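Enquirer: Show me the folded form of this:
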Amino acid sequence: MSKIKRLAGETVLYGLGSIVPRFLNFLLIRIHTEVLKPEEYGIITDVLAMVAFLNVIYAFGMETAYFRFATKPGADEKHIFNLAQTVVLGISVFVSVVLIVFAGPLSGEFGFGREHITYMYWILAIMLLDAVVMIPFARLRLQKKALLFAIGKFVNIVILVGLNIYFLRVIYNPEVGFAYVFLANLLANLFFLPFFGRMLLSWRPAYEPAMSREMLRYAYPVMLTGLAGMTNETFSRKTLKYWLPDGFYAGRSNAYVLGIFGAAYKFAVLMNLAVQAFRYAAEPFFFSNAADKNSPELFARINHYFIVVCCIILLGVGINLDVLKVFFIPNPLYWEGLAVVPFLLLGYLFLGVYYNFTVWFKLTDRTYFGTILTAGGAVLTIAANYVLIPVAGYMGSSWATLLCYFSMAAACYWFGQKYYPIPYAIGKGLAYIVITTGLVYVVQAIQIESMYLALAFHALVMLTYLLIVYFIERRGLQVVRR
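Expert: Here you go, the predicted structure:
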């Protein structure tokens, strides 16, 4: 069980490189919502939803393909790196050129007009820089250089936070407004070029017909899965302003409502950060331990502890929303959307469980199942948003997110038990999730006027919860520590 300890340690390091920087990025919501109007924040929400979708096309699934082919017995890791980087750069440059041609119409679609087409160029440059360093970051993960990975992510976000403070608090010009956020992202991403300077300079364009085709065949379904996954994650934010009936929220434009929803969505990122940090460490871990005869039991235990940790996050965030909103979103205009947060936290929890369950089709080279499952989730997301947004607004969008990720996790588990049986403790995991969710709503229903008394009560609830979890899990934890 020392392997679980090692995975936990790597997750912590990757957390320093992903959770901590993204948490610092989350803190920017305070500055953004203080300075920017909800309509302006709605533009940022809309643009970032598009960026997340296009980043999947830029990456083209080559990160996972790099892990898979670089870890095969006898593989030449440097050659695989060159092949993967060549594909990513080729696709990214091509897509960027196409988008430059349509930069004018896109500027109008996002609401800042053709007169500010420069903003679109900034956004495209951000995506291109993200693509350039995607495989280098994957290489650090494969080489177990988690600390260097963390340093790169951390310095980037420190620059980003500093630039946001400088632009929005020191030299702020209302005529530029929300665009300062894009400019800060672009300048912060430029840091990656010197950070990966040696690795990028060592890259040589490479194309080996047989190997390249094999990698592309493996990566293509992963890319389609990623597109469907981003549909699941960003579709509600892209369609809310179109499918929400005019006047649904009295006195508020749809762009205003999107800004409210986008700010509330930020709190759900707290769960997603934990999921992503775990995924960074777990993906190469699963591949490198696939040959172990005890791997099914190992994977099952990892998933169980993952659920336990996520339930702690769900409870901690869910019961403290009334306090957290004062610190992170001091502008009361944005508070009305916070009711969606528990549903979004639950949705991301099930997304993390789904990532754990996907190990079976990645290790058996049946990645097309990922495409099928995630595409099914995308269809469900689209249908659920179409039905629920007109009747429940952004609350309907949060319900759709939860329904999608729960369904994907359930379907992936069902198929996985047929092809690669893993003894997951499903009943115990669901019990944790249901009880924790119920506890969140019970505690939320108890209104305490004093913030300090509320904090004390919530701390008591958390401490009691943690003690109960410890006594339930202590035997397993003792085994892991050995």
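
Enquirer: Have a look at this structure and report its longest helix.
Expert: The residue-count maximum for a helix in the chain (DSSP state H) belongs to helix 368-419.

Enquirer: what's the closest non-adjacent residue to the residue most central in space within the chain?
Expert: Closest to where the C-alpha atoms of the chain average out (C-alpha atoms, centre = their mean) is residue 272, at 5.1 Å. Counting by C-beta to C-beta, 6 or more residues apart in numbering, residue 348 is the residue found nearest to residue 272 once chain neighbours are left out, at 4.7 Å. C-betas here are computed from N, CA, C, even on glycine.

Enquirer: Can you get me a residue count around that neighbour?
Expert: Residues near residue 348, counting by other C-beta atoms under 10 Å, number 25.

Enquirer: list the contacts for residue 257?
Expert: The neighbourhood of residue 257, defined by C-beta atoms under 8 Å, 6 or more residues apart in numbering, consists of 38, 42, 240, 241, 244, 248, 249, 393, 394.

Enquirer: For the spatially closest residue to the fifth one that is not a sequence neighbour, which residues are in contact?
Expert: Distances taken as C-beta to C-beta, 6+ apart put residue 254 closest to residue 244, at 5.2 Å, once the chain neighbours are dropped. Residues in contact with residue 254, defined by C-beta under 8 Å, 6+ apart, are 240, 241, 242, 244, 246.

Enquirer: right, and residue 365 touches residue 218 too?
Expert: Yes - with contact defined as C-beta atoms under 8 Å, residue 365 counts as touching residue 218 (7.4 Å).

Enquirer: I'd like to know the phi and psi angles of residue 190, please.
Expert: phi -60, psi -20 (degrees, to the nearest 10).

Enquirer: quick one: it from residue 333, how far?
Expert: According to C-beta to C-beta, to the nearest Å, residue 190 stands 34 Å off from residue 333.

Enquirer: just residue 95 next, same as before
Expert: For residue 95, the distance to residue 333 (C-beta to C-beta) stands at 36 Å.

Enquirer: Repeat that for residue 365.
Expert: Residue 365 is 50 Å from residue 333, by C-beta to C-beta.

Enquirer: could you point out which element follows the lowest-mean-pLDDT helix or strand in the chain?
Expert: When the helices and strands of the chain are compared on mean pLDDT, DSSP states H and E, helix 2-35 comes out lowest with a mean of 70. The helix or strand immediately downstream of helix 2-35 is helix 38-59, counting by DSSP states H and E.

Enquirer: Beyond the helix or strand containing the residue nearest to the centre of the chain, next helix or strand please.
Expert: Using DSSP H and E, residue 272 sits within helix 254-288. Remark: after helix 254-288, the chain's next helix or strand is helix 295-318, criterion DSSP H and E.

Enquirer: Only C-alpha atoms, please: export the helix or strand that comes right after that following helix in CSV.
Expert: Elements were assigned by DSSP H and E; along the chain past helix 295-318, the next helix or strand is helix 321-328. Taking C-alpha atoms only, helix 321-328 is exported to CSV below (Å, rounded to 0.1, in the frame of the first residue of the first chain):
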residue,chain,number,x,y,z
LEU,A,321,-21.1,29.6,1.4
ASP,A,322,-22.7,32.4,3.5
VAL,A,323,-19.3,33.2,4.9
LEU,A,324,-17.2,32.5,1.8
LYS,A,325,-19.3,34.8,-0.3
VAL,A,326,-18.4,37.8,1.9
PHE,A,327,-14.7,37.2,1.5
PHE,A,328,-14.5,36.1,-2.2
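
Enquirer: mind listing what's buried in helix 321-328?
Expert: For helix 321-328, the neighbour count (16 or more other C-beta atoms under 10 Å) marks 321, 322, 324, 325, 328 as buried.

Enquirer: What is the nearest of the residues you listed to residue 205?
Expert: residue 328 (44.9 Å; C-beta to C-beta).

Enquirer: Contact partners for the closest one?
Expert: 26, 27, 29, 30, 266, 267.

Enquirer: Could you check how far it is from residue 160?
Expert: Separation of residue 328 from residue 160 (C-beta to C-beta): 17 Å.

Enquirer: For stretch 65-81, buried residues please.
Expert: For stretch 65-81, by 16+ other C-beta under 10 Å, it's 65, 66, 67, 68, 69, 70, 80, 81.

Enquirer: Next, format the buried residues of helix 321-328 as JSON lines and append pLDDT and distance to residue 475.
Expert: As requested, the buried residues of helix 321-328 are exported to JSON lines (pLDDT from 0 to 100; distance: C-beta to C-beta, whole Å):
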{"residue": "321", "pLDDT": "89", "distance to residue 475": "34"}
{"residue": "322", "pLDDT": "85", "distance to residue 475": "37"}
{"residue": "324", "pLDDT": "86", "distance to residue 475": "34"}
{"residue": "325", "pLDDT": "87", "distance to residue 475": "39"}
{"residue": "328", "pLDDT": "87", "distance to residue 475": "38"}
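
Enquirer: In those, find the pair that's most separated.
Expert: Pairwise distances across the buried residues of helix 321-328 (C-beta to C-beta) peak at 11.8 Å, for the pair 322 and 328.
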